[in-house]
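S.K.: generate a structure from the sequence data that follows.
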Amino acid sequence: MRSSRRGQAAVAAVVGFSLVAAACGGNDDGTADDTDTTEAEADTGDAEVDDGDADGGEEAADGDAEEEVADVDAGVQEDVVEAAEDEPGPTQGGVLRYGLEADVDGINPTNSSLSSPGLMMSNAVFDTLAAATVDGNFVPYLAETIEPTDDTFTVWQLKLREGITFHDGTPLNAEAVQVNFEAQRADGLVGLAVKPFFPEENATELIDDLTIQYNLLDGNRYFLSTLTGQLGYVASPAWLAAAIEDPTLNQAPVGTGPFVFEQRSEDSVTTFARNDEWWNGEVFLDSIEFAPVTDPASMTDLFLQGDLNAMQTTDPASVQILRDTEGVQNVVDESGEESFAMMNTEAAPFNDIRAREALALATPRDNYAAQIGVGVSTPADQRYTPGNPFYNPDVVQVGDNPAAALPLVEAYCAERGTEENPILGTTTCSDGKINIELQWSGPAVVQTRIADILDAGWSEGGFNVTFNELPQDDHIQQTALGQYNVNTWRQFGAEDASSDNVWLLCRTIGFISLNWPKNCNEERDALLLQGQLLENGPEREALYQQIEQVTNDDYTYVYFLHTSWDNAFGPDVRGVCDRLAPGGEELICTTNGRSWFDTTYLVS
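M.R.: Have a look, this model is predicted:
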């Protein structure tokens, strides 16, 4: 299956159904990580990065290694040093210290809100059933084969590789995969990414010891893409059972991955040690230490001082510093997530399209781009970047027009201004302005600056704005429960566009929602389900362009920037992009802010 999210030479993000990872964006442009998810990932705007000098050429690095710079699909810049000829090959040893933009509530793929930092740590300890290749395809990973049984793409059979065991000695078999699936489906939040897409009964069937069958509600040609993220992680069923009895074990994951959990101090350091028995080859690093640093400027300083070997960031100012610093190896991707403001359409005032359109018109997009994007991240009108086949050139994100917002505000307040705003517990209007709360994930200096920028524009356009800064986990929870008016968020950017359906379909709206704005559009639903059946080509491209126009017309999102994710590595790091699938296919090395570690090693 080929993804069209990245185009012909795609190299980037696979959120799949990774929960709150994309959606969990928790911040916009460089702050404590979100969404959506989804992320799922909040307002860590997905800023687009300036391609700079990424021209596909080669130049000498430090005189003894060749530095390859690849510009892939106008969005991915790889600036990774290859081992020089006189450099020894990979050897075991060393500790990789990796800076993360936030911590997470746990590292259990069946019940944790795994934003980008959580997915990063999960990549050390878990393997996925499928993986994404650098050319935009999807291949089996823990699985040996994953195939549809007919051309409706509603029934898929997955056969596992033989002889793989979890870190606790439990065998990996079809029953273990089924236990993980059912645990995810039963969870209050993670289940929202599972239940809407499978029947209540016989969602999976055990065919034999190593083969499981998935029965989908809707045909999906791109089903493999959903098994490359959180829903593709497989944890030890014995550990999952123990974690139910003792929830503290959610912090001590057990998988099949290249590293074994060692210790964890939340909001401090989480350590994983090398798994010498890993099923897919030799692992080189002795251990990995993950350290959350919510302020991007502080994390950049720690990295440049040598206290960290690697870091992730979406902060454009930090990205620029890292790209301008000699010896820093950058893998920069702007073709994944987007940053935006997102409105709750279920509650007043944004259950009225006039209020939503007014907020969009009053948004100071130019000021945001100048002060937050700082010439590194590019403005976004929609989910896709120019050059992506799904990009619709006719879709324009309105903004920078507070004067046009005022008549809409006046009409709304005249008709509905005395109604209650359930979030603020007061009337929806006062003094002729609409009362709203802006929520974001922090603490982070950049996020506070973003709030001030938005407040200045929205106030001029007829809104009274109050602020609510929350820790990432609380921010995600309140968003899922619809306890917000408007927030800043980072989301989308799945390797295949169909995997982003989880954030958009009517069926993912409920008491707890992954369709965070709770905006149901049946016309869009029909298009989204059709899109996951079509082969990549002109028909599918036209359909997704239509989806972007329908979404734009609903005024639920106010796009800011295409997120510039930078995974930066120190001069002593090698092997980051040497990953291979068991079948020999070359795999992506970073996606939406997270990387993998099985081929990474250090040189002195």
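S.K.: which of the residues in stretch 428-443 are buried?
M.R.: By 16 or more other Cβ atoms under 10 Å, the buried positions in stretch 428-443 come out as Thr428, Cys429, Lys433, Ile434, Asn435, Ile436, Glu437, Leu438, Gln439, Trp440, Ser441, Gly442. Backbone N, C-alpha and C define where each C-beta goes, glycine included.
S.K.: quick check, nearest of those residues to Ile164?
M.R.: Proximity of those to Ile164 (Cβ to Cβ) peaks at Ser441, which lies at 36.6 Å.
S.K.: can you give me the helices for the stretch 401-550 of the chain?
M.R.: Using DSSP state H, counting those that start in this stretch, the helices assigned to the stretch 401-550 of the chain run over residues 402-416, 445-460, 472-480, 522-531, 538-554.
S.K.: closest to Gln371 out of the ones you listed?
M.R.: In this view, those are compared for proximity to Gln371 by Cβ to Cβ, and helix 445-460 is the closest at 6.0 Å.
S.K.: the closest one - contacts with which helices or strands?
M.R.: Counting by 3 or more Cβ pairs under 8 Å, 6 or more residues apart in numbering; DSSP states H and E, the packing neighbours recorded for helix 445-460 are helix 353-362, helix 365-368, strand 433-441, strand 463-470, strand 486-491.
S.K.: got these as a markdown table, with distance to Tyr214 and mean pLDDT columns?
M.R.: Shown next, in a markdown table, are those (distance: least, Cβ to Cβ, whole Å; pLDDT from 0 to 100):
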| stretch | distance to Tyr214 | mean pLDDT |
| --- | --- | --- |
| helix 353-362 | 37 | 98 |
| helix 365-368 | 42 | 97 |
| strand 433-441 | 34 | 97 |
| strand 463-470 | 36 | 97 |
| strand 486-491 | 25 | 94 |
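S.K.: so which of these is the most surrounded?
M.R.: For the helices and strands packed on helix 445-460, the stretch with the most neighbours on average is strand 486-491, a mean of 36; neighbours defined as mean count of other Cβ atoms under 10 Å.
S.K.: other SSEs contacting that strand?
M.R.: Here strand 486-491 touches strand 23-27, strand 41-43, strand 338-343, strand 433-441, helix 445-460, helix 472-480, going by 3+ Cβ pairs under 8 Å, 6+ apart.
S.K.: try it again at 6 Å.
M.R.: Packed against strand 486-491, as judged by 3 or more Cβ pairs under 6 Å, 6 or more residues apart in numbering; DSSP states H and E, are the following elements: strand 23-27, strand 41-43, strand 338-343, strand 433-441.
S.K.: tell me how far the residue nearest to Asn401 when sequence neighbours are not counted lies from Ala456.
M.R.: For Asn401, ignoring the flanking residues on the chain, the nearest one in space by Cβ to Cβ, 6 or more residues apart in numbering is Leu361 at 4.7 Å. With distances taken as Cβ to Cβ, to the nearest Å, Leu361 is found 15 Å from Ala456.
S.K.: one more: His475?
M.R.: Here the distance between His475 and Ala456 works out to 22 Å (Cβ to Cβ).
S.K.: who has more neighbours, these two?
M.R.: Shown here are His475 and Ala456; by other Cβ atoms under 10 Å, His475 has more neighbours (29 against 15).
S.K.: pLDDT at the residue lying closest to Leu224 once chain neighbours are set aside, what is it?
M.R.: Counting by Cβ to Cβ, 6+ apart, Phe138 is the residue found nearest to Leu224 once chain neighbours are left out, at 3.8 Å. For Phe138, the pLDDT comes out at 95.
S.K.: leaving out the residues flanking it, which one is nearest to Gly336?
M.R.: Going by Cβ to Cβ, 6+ apart, Gly336 has Gly493 as its nearest residue, at 3.1 Å.
S.K.: what number of residues lie near the one you found?
M.R.: Gly493 has 38 neighbours, counted by other Cβ under 10 Å.
S.K.: circling back to that earlier point, right, and the helices and strands packed on helix 445-460 - which one's nearest Trp516?
M.R.: Taking Cβ to Cβ as the criterion, strand 486-491 is the member of the helices and strands packed on helix 445-460 that comes nearest to Trp516, at 7.2 Å.
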